[in-house]
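Participant: Kindly return the folded structure for what I paste below:
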Amino acid sequence: LNASRLSERARPSLCLPPGPGQVPGPGAGLSGQRSGSVLIFNLYTSKVDTDLEDSRIVLTNTDQTRRAAVHLFFVDGQSGLPADSVIELTPNQTLSLLASEVDPGTTGYLLAIAIGEDGCPAAFNHLIGESLVRFESGHSAALTAPAVTLIDAAQIDCHAGMVTAELRFDGQTCSVLPRTLAISSLAARATGNDTLLFVNRLGGSLVDGMAGVGPLAGFLFDDLERGASFTLPGGASQYRGQLGPSFPRTVPRYDTLIPAGRTGWMKLAATADEALSGAVINLGLNRFDQGHNLHQLTTTSSAVLTIPVIAP
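Facilitator: Numbers count the residues shown, from 1 in each chain. Okay, here's the model as predicted:
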């Protein structure tokens, strides 16, 4: 037994970092517990009237000696088209910006990719971040930006003068990405809860537009292990829904499966081999408001992202 425990402790963690900027063990997936070269801010929103709706994006360079050049892509959740810019962070610098100042009137998600002097993706695994999101409806959340480790930049075909490059999230070049997602706790609408769901497609082109979310298969469970299956059509690069009688369309319906005083949970998976991420935000009674990134249950190693090569 003691030998077994020692063996467990000796195994490298796939989630926790071995040290600042270091590469975790093989097969490590997306993680909000470590720094990385690619950050996924699962949700941002803004309106022209910022008092009603806005988001604050925070990005930090944890390296103590090196500057970081970061290519930001604000992806419109409906069209999949990005608005991009390049920023530089000095050692130990943290930067805060408002979505309304960069991409006003848009709801979507943000990808932050570390780049080198030639504009190619760089193995600079020292970036961390979060988004603070506030909707006009009252929904709000602080969402950590999960990090992707760039494991081996030498495997990326990119050099100065190229127009585009491909990032492969195959576990060899970059960390693998989620395919099956979950919400750990869903509260009853009958007790005043209002839950918003956001699912993002991680794949496609940050030049011509991100791919849309394909059809999703899901299960909704109550706290007595009873479940109901459903499908979602997908479509846009960010799939959104407000949980209730008509979303998702289960038998029995959401309010019957999760009545007053009860809880449940949900599982979502891409029917095709697609990479997904997302967030959920609940507006509840008695100030029990919360939001979090969707949990990841399975991964895919086939996701590919085309990015423009722009020198800082």
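Participant: Which residue is the nearest non-sequential neighbour of Gly129?
Facilitator: Nearest non-adjacent residue to Gly129, counting by Cβ to Cβ, 6 or more residues apart in numbering: Ala145, 4.0 Å away. For glycine as for every other residue, the C-beta is placed from the backbone atoms N, C-alpha and C.
Participant: mind checking how far that neighbour is from Arg34?
Facilitator: Applying Cβ to Cβ, to the nearest Å, the value for Ala145 to Arg34 is 11 Å.
Participant: Export only the CA atoms of stretch 106-121, formatted as PDB.
Facilitator: Provided in PDB are the C-alpha atoms of stretch 106-121 (Å, rounded to 0.1, in the frame of the first residue of the first chain):
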ATOM      1  CA  THR A 106     -20.500  42.100 -29.600                       C
ATOM      2  CA  THR A 107     -20.900  38.900 -27.600                       C
ATOM      3  CA  GLY A 108     -18.300  36.100 -28.300                       C
ATOM      4  CA  TYR A 109     -15.100  34.700 -27.000                       C
ATOM      5  CA  LEU A 110     -11.400  35.800 -27.100                       C
ATOM      6  CA  LEU A 111      -8.300  33.900 -28.000                       C
ATOM      7  CA  ALA A 112      -4.900  35.200 -26.900                       C
ATOM      8  CA  ILE A 113      -1.900  33.700 -28.600                       C
ATOM      9  CA  ALA A 114       1.700  34.300 -27.700                       C
ATOM     10  CA  ILE A 115       3.900  35.200 -30.700                       C
ATOM     11  CA  GLY A 116       7.500  35.700 -31.500                       C
ATOM     12  CA  GLU A 117       9.300  38.500 -33.300                       C
ATOM     13  CA  ASP A 118       8.300  37.000 -36.700                       C
ATOM     14  CA  GLY A 119       4.600  36.800 -35.700                       C
ATOM     15  CA  CYS A 120       4.700  33.000 -35.400                       C
ATOM     16  CA  PRO A 121       3.200  31.200 -32.400                       C
END
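Participant: Run the chain-centre distance for it.
Facilitator: 14 Å (Cα atoms, centre = their mean, to the nearest Å).
Participant: avg pLDDT for that stretch?
Facilitator: Averaged across stretch 106-121, pLDDT comes to 96.
Participant: Would you mark the buried spots in that stretch?
Facilitator: Taking 16 or more other Cβ atoms under 10 Å as the neighbour-count basis, stretch 106-121 is seen to contain the buried residues 106-116, 118-121.
Participant: So which residue is smack in the middle of this structure?
Facilitator: Central residue check for the chain by Cα atoms, centre = their mean: the C-alpha nearest the mean position is that of Asn42, 3.7 Å away.
Participant: Just the pLDDT at it, thanks.
Facilitator: As predicted, Asn42 sits at a pLDDT of 98.
Participant: quick one, phi psi at it?
Facilitator: With angles defined as degrees, to the nearest 10, Asn42 sits at phi -70, psi -10.
Participant: mind listing the strands for the stretch 101-250 of the chain?
Facilitator: 107-115, 127-134, 140-144, 147-148, 164-169, 177-187, 194-201, 204-205, 209-210, 216-222, 227-232, 238-242 (DSSP state E, counting those that start in this stretch).
Participant: Which of those sits closest to Leu95?
Facilitator: Nearest to Leu95, of all the strands of the stretch 101-250 of the chain, is strand 127-134, at 9.0 Å by Cβ to Cβ.
Participant: Report the distance from the closest one to the chain centre.
Facilitator: Strand 127-134 sits 11 Å away from the centroid of its parent chain (Cα atoms, centre = their mean).
Participant: Please export the C-alpha coordinates of that strand as PDB.
Facilitator: Extracted C-alpha coordinates of strand 127-134, given in PDB (Å, rounded to 0.1, in the frame of the first residue of the first chain):
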ATOM      1  CA  LEU A 127       0.300  33.800 -19.800                       C
ATOM      2  CA  ILE A 128      -2.700  33.800 -17.400                       C
ATOM      3  CA  GLY A 129      -5.900  35.700 -17.500                       C
ATOM      4  CA  GLU A 130      -9.600  36.100 -16.700                       C
ATOM      5  CA  SER A 131     -12.700  37.800 -17.900                       C
ATOM      6  CA  LEU A 132     -15.300  39.600 -15.700                       C
ATOM      7  CA  VAL A 133     -18.600  39.600 -17.600                       C
ATOM      8  CA  ARG A 134     -21.700  41.600 -16.800                       C
END
